[in-house]
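Enquirer: structure for this input, please:
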Amino acid sequence: QGRLSMLVPSSIQTDEGCMPLRRLFTTEHTLEELTSFENRGYLAVENGKEVKKQIFPDVDDRFKFSFVKLIKNVPTPPDHAFNARFYIHNPADVYQPPLRYPLELIRSFSPQMLSIVEYRSERDMALFKKLRDQHPFFGDLGFRFRRELHSTGDGHLIHARNGRKLEAGQMPLFEGRTIHQFDSKFAVPDEYVIERDVRELLLRKQIFRLGKLVREQNPAKLEGKAVPKTKEELDEHLRVTFEKKHFKLDYELSRLAYREIARSTDERTLIASLIPVSVNMNHKLMYLVPVRYELSPGGKLSQEEIPKQKVESVLAVLNSLVANYYIRSRVSSTVSVFYVYELPFPKLVAAQEKQLADSAAKLLKHPRDVAERAKLEVFIARDLYGLSAADWRHLTGTFTFGGDSATKAELDEIIRQSHALWPG
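Expert: This is a model prediction of the structure:
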């Protein structure tokens, strides 16, 4: 037994790779204290003058650290709560009264990842409980995200545009900075791929996934014939079936995608849009798989596209301030797909799904339509998540990050108009 204290990057609270550590801290050992602080700096008086100081002057001011204290080899009691402080700027603030953080909240909000949500106050903790409520997790609704091309592993397929117009057979390669919320033309892509080369790679990957589906379900026949015994024969049979039935590869359909690289201290953390047909994406964009495959009991393979209305309704919720507020408290520098899967998603009736999709369609045509965006934000917060006007004012009051930019001015105006629509 004994005590362990350590100072580490705050990714220990949220990142996928640190999940085994968090499991140890909350099962086999007893977490006593967690203090997270930002390196943004604080004001101090030196020689009669007010100066800005940073805890680590040589480290980027967006970087965050965590101070962790635990009792070793003492199993965590079932009803345990630890002392927590978040968003500390001034080291003197570590002496302020802490939040009491029940471990049950971690298990309720993040049963798979055990990520530790950062709360600024008891009010935030209560608001998170309200947002979680009885809503299902997004990952339980059957949606899945995927990467397409990796800039390093598939680098031989990627070419620099150097300002040139694309020719026939060439497709733009989108990266994270290419998009913004509801905007797939936020920046011009710098790279492209040649379709015939990329298609063969992506088709092989899809045939591999279909082969796995066939082996898992083990039908007696596949498209009227005996299931091939060898992998090579099965792959060829599936390839012929894919082409014969005119199935589409993912890039041949419009897709929802979000930026994977984002910080909790960014202006907005969850940024998504619809990507046009005949566009490829690098590994910094995660896209919603646009089709589902089914294998009937008789061995017939089918491909069904996810309805456009459903995809647009998902897009509206993912871009909302509610979703951004919720997910940013779990993010260090990457929006892991597992955090998106653990996002509480409202149960939608048909009329609500249509209203979301209609609003998203308008914003996809006019991403800077602040009035439409404000109406959408109020609808999601009030009607879908059941927040009060006071909850909304508290939630929107946390969006203080971002510099002097057009997108930050736009966000401020969205919030201002939403308050006018929802007084209280």
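
Enquirer: report the contact partners of the nearest residue in space to residue 85 that is not next to it in sequence.
Expert: In this structure, residue 85 finds its nearest non-sequential neighbour in residue 35, 4.5 Å apart by CB to CB, 6 or more residues apart in numbering. To be clear about C-beta, it is placed using only N, CA and C from the backbone, and glycine gets the same treatment. Applying CB atoms under 8 Å, 6 or more residues apart in numbering, one finds that residue 35 lies in contact with 66, 67, 84, 85, 86, 88, 94, 98.

Enquirer: what do you get for residue 210?
Expert: Contacts for residue 210 were tallied using CB under 8 Å, 6+ apart; they are 238, 242, 293, 301.

Enquirer: mind doing that once more with 6 Å?
Expert: Contacts for residue 210 (CB atoms under 6 Å, 6 or more residues apart in numbering) come out as residue 238.

Enquirer: quick check, nearest of the contacts of residue 35 to residue 151?
Expert: residue 66 (30.1 Å; CB to CB).

Enquirer: show residues contacting whichever strand or helix holds that closest one.
Expert: Residue 66 belongs to strand 64-72 when elements are defined using DSSP states H and E. Taking contacts as CB under 6 Å, 6+ apart, the residues outside strand 64-72 that touch it are 1-8, 10, 12-13, 25, 29-38.

Enquirer: give me the buried entries from the residues you listed.
Expert: 10, 12-13, 25, 29-38 (16 or more other CB atoms under 10 Å).

Enquirer: generate TSV for these, with secondary structure and pLDDT as supplementary columns.
Expert: Formatted as TSV, the entries for the buried ones among the contacts of strand 64-72 read as follows, by DSSP: H, G, I helix; E, B strand; the rest coil; pLDDT from 0 to 100:
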residue	secondary structure	pLDDT
10	helix	90
12	helix	93
13	helix	92
25	helix	93
29	coil	96
30	strand	96
31	strand	96
32	strand	96
33	strand	96
34	strand	96
35	strand	95
36	strand	93
37	strand	89
38	strand	86
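
Enquirer: partners of the residue nearest to residue 85 in the sheet?
Expert: Residues found in beta-bridge contact with residue 35 (criterion: DSSP bridges) are residue 67, residue 85.

Enquirer: so how far is residue 4 from it?
Expert: Applying CB to CB, to the nearest Å, one obtains 15 Å for the distance of residue 35 from residue 4.

Enquirer: again, but for residue 398
Expert: The gap separating residue 398 from residue 4 is 32 Å, by CB to CB.

Enquirer: now the strands: where do they sit in the stretch 301-424 of the chain?
Expert: With DSSP state E, counting those that start in this stretch as the definition, the stretch 301-424 of the chain shows strands at residue ranges 301-305.

Enquirer: swap in the stretch 51-200 of the chain?
Expert: For the stretch 51-200 of the chain, strands defined by DSSP E, counting those that start in this stretch occupy the ranges 64-72, 81-88, 99-102, 145-146, 158-160, 170-174, 191-194.

Enquirer: need these in a markdown table (columns: mean neighbour count and mean pLDDT).
Expert: Putting the strands of the stretch 51-200 of the chain into a markdown table (neighbours: other CB atoms under 10 Å; pLDDT from 0 to 100) gives the following:
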| stretch | mean neighbour count | mean pLDDT |
| --- | --- | --- |
| strand 64-72 | 18 | 94 |
| strand 81-88 | 20 | 94 |
| strand 99-102 | 16 | 94 |
| strand 145-146 | 18 | 98 |
| strand 158-160 | 14 | 97 |
| strand 170-174 | 21 | 98 |
| strand 191-194 | 20 | 98 |
